[in-house]
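Participant: Provided below for reference: sequence and predicted model.
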Amino acid sequence: MQVYLVGGAVRDELLNRPIIDKDYVVVGATIEQMLSLGYSQVGKDFPVFLHPKSKAEYALARTERKQGQGYGGFICDFSPDITLEQDLYRRDLTVNAIAKSENGQLVDPFNGQQDIANRILRHVGPAFSEDPLRILRVARFAARYHYLGFTIAPETRELMAEMVKQGELATLTKERVWMEIEKCLDDGCIAIFCDVLQQIDALKLVFPMFQTWDKAQSNALTEKVSQLQNDSPNFKLVQFCLWLAPCQLEDLQNIEQTLKVPNKYAQCARDFCRYKSLLHEDALCAQSVLKLLNALDVWRRPERFEVFCQTAQAHTPEQLEVINKIKNSAQHAIKVDVQNIIAQGYKGAQIKEQLSQARLVAISSSL
């Protein structure tokens, strides 16, 4: 029984990037052996185990054989005579097919270290085409490592384009596509992700709301995202809003269903699309600002308003003065105390009317 660190942890260690998760492959072991050592089994389709103390994932070495179309339907063999090289051969990219033994020795049968040095994302073998999810994974890796100068090998790009042509992307569930999008929003630039999909004629299939996508659009988004603080709790939401900002509002109405986007993402994207026209001095008035604050429910959900302002500042930095006026107006309006209005004897609908008037006065005084 031999244990190896594999995949992203080895790759990111070689790239001097922080290691988030560690995955291990176990060669020469059986399910019974793993259980006897105190590991708990969590995998259904193939045996994956959690370490009894660290809870890191340990998977038995395996091979896969495709059965049917799409990213499911694989038949796995995880017998103890499967070699490490056989396990690595089923992986997507050479940079992800490097293992590290317990004594620190690297096992690299497909020249992944050389591709890391050359900044190349290259598929391991023909089995790449058996899983259409790998199209999105490669696009995501291209986005994640773009700042390091990584590009996709021509033969890999051609294979991805052929997979798209064969209709393989249609077999992916919307939920699985969203998982890749969210990962890209977390640690990559979504513009590069879209560039790759555009180059292989997949963009409209994955994101039908984009009728056009060109280099100028990509460059503009990349520049705006680069100005964001990627450790901000709203980083993903703001990048998502910036990404969809060029879209028409009607294109975003049903993205909860078309892309399986969580409600908070869809809502924030529509907020910015609907109200970005306010980000001009001549559009600013107390009535329009109050309408915005009511629509975003700043009274009960200030974080929604915060995402709008952060997106506005990144999208239209030349209108920073207008954005600050809106934020200042919100602070004044929030301070209006409804209890004072009630204390004056107003009741029922009168309270709402007086509260609105008081907020208008507060906003007017701050503009």
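Facilitator: That came through fine.
Participant: Do you have the strands of the stretch 151-300 of the chain handy? List them.
Facilitator: 151-152 (DSSP state E, counting those that start in this stretch).
Participant: can you pull the contacts of the closest residue to Leu249 other than its chain neighbours?
Facilitator: Nearest residue to Leu249 in three dimensions, chain neighbours excluded: Cys273, at 4.9 Å (C-beta to C-beta, 6 or more residues apart in numbering). (Glycine included, C-beta is placed from N, CA and C.) Listed by C-beta atoms under 8 Å, 6 or more residues apart in numbering, the contact partners of Cys273 are 244-245, 247-249, 252.
Participant: count of neighbours near Asn340?
Facilitator: By other C-beta atoms under 10 Å, the residues close to Asn340 number 12.
Participant: Give me the most central residue, the chain.
Facilitator: Centroid-nearest residue in the chain: Glu182, 2.1 Å away (criterion: C-alpha atoms, centre = their mean).
Participant: what bits of the chain have low per-residue confidence?
Facilitator: 43-45, 66-75 (pLDDT under 70).
Participant: give me that answer again for 80
Facilitator: Low-confidence segments of the chain (pLDDT under 80): 43-46, 64-76, 188, 211, 230-231.
Participant: how about the nearest residue to Ile135, chain neighbours excluded?
Facilitator: Met160 (5.0 Å).
Participant: Would you enumerate the residues in contact with that neighbour?
Facilitator: Here Met160 is in contact with 134-135, 138, 152, 200, 202 (criterion: C-beta under 8 Å, 6+ apart).
Participant: With distance to Leu292 and neighbour count added, can I get the residues you listed in JSON lines?
Facilitator: Supplementary listing: the contacts of Met160 in JSON lines, determined by distance: C-beta to C-beta, whole Å; neighbours: other C-beta atoms under 10 Å:
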{"residue": "Arg134", "distance to Leu292": "43", "neighbour count": "23"}
{"residue": "Ile135", "distance to Leu292": "40", "neighbour count": "27"}
{"residue": "Val138", "distance to Leu292": "40", "neighbour count": "25"}
{"residue": "Ile152", "distance to Leu292": "42", "neighbour count": "22"}
{"residue": "Ile200", "distance to Leu292": "40", "neighbour count": "22"}
{"residue": "Ala202", "distance to Leu292": "36", "neighbour count": "23"}
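Participant: Let's have these in CSV, adding distance to Leu355.
Facilitator: Converted to CSV, these look like this (distance: C-beta to C-beta, whole Å):
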residue, distance to Leu355
Arg134, 55
Ile135, 53
Val138, 54
Ile152, 56
Ile200, 54
Ala202, 50
